[in-house]
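> No sequence on hand, only this structure:
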């Protein structure tokens, strides 16, 4: 099983939320997770693609996946830094 298909440690459903809420909620969802844990975020705001790329650059999170799922749902998988 690859990192892209492995089950995440937590999933955040941010569909229907607009910038900057998906990133802010992801930041909050990452706090209780252990270093190295993977958070999956589902969003529908097209701006989230740039937002999560910037978020990972500034926080040290690793962006494991950024893809579009059926129905226009964007899927992001972030690994919390050590």
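Thanks, I have it. Small disclaimer: the values here were computed from a predicted structure and weren't measured.

> When you work out contacts or count neighbours from here on, use the C-alpha atoms and nothing else.
Fine.

> Just the element for residue 74, please.
Element membership for residue 74, per DSSP states H and E: strand 73-79.

> That strand pairs with which strands, and in what direction?
Strand 73-79 has its sheet partners listed here by DSSP bridges as strand 38-43 (antiparallel), strand 62-69 (antiparallel).

> Now render those strands as JSON lines, adding mean neighbour count.
Shown next, in JSON lines, are the strands paired with strand 73-79 (neighbours: other C-alpha atoms under 10 Å):
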{"stretch": "strand 38-43", "mean neighbour count": "24"}
{"stretch": "strand 62-69", "mean neighbour count": "15"}
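
> which one of these lies closest to residue 15?
Proximity to residue 15, assessed across these by C-alpha to C-alpha, is greatest for strand 38-43 (4.2 Å).

> Flag the shaky bits of the chain, pLDDT-wise.
Scanning the chain with the threshold set as pLDDT under 70 gives 1-5.

> now the helices for it?
For the chain, applying DSSP state H gives helices covering 21-30, 48-59.

> which one of the ones you listed is the most hemmed in?
Highest mean neighbour count of those: helix 21-30, a mean of 17 (counted as mean count of other C-alpha atoms under 10 Å).

> Just want the angle from that helix to helix 48-59.
Counting by axes from the mean of the first three to the mean of the last three C-alpha atoms, to 10 degrees, helix 21-30 points 40 degrees away from the direction of helix 48-59.

> on contacts alone, who are the packing partners of helix 21-30?
Under the contact definition 3 or more C-alpha pairs under 8 Å, 6 or more residues apart in numbering; DSSP states H and E, helix 21-30 sits against strand 10-14, strand 38-43, helix 48-59.

> Next, the angle from it to strand 10-14.
Here helix 21-30 runs at an angle of 160 degrees relative to strand 10-14 (the same axes, to 10 degrees).
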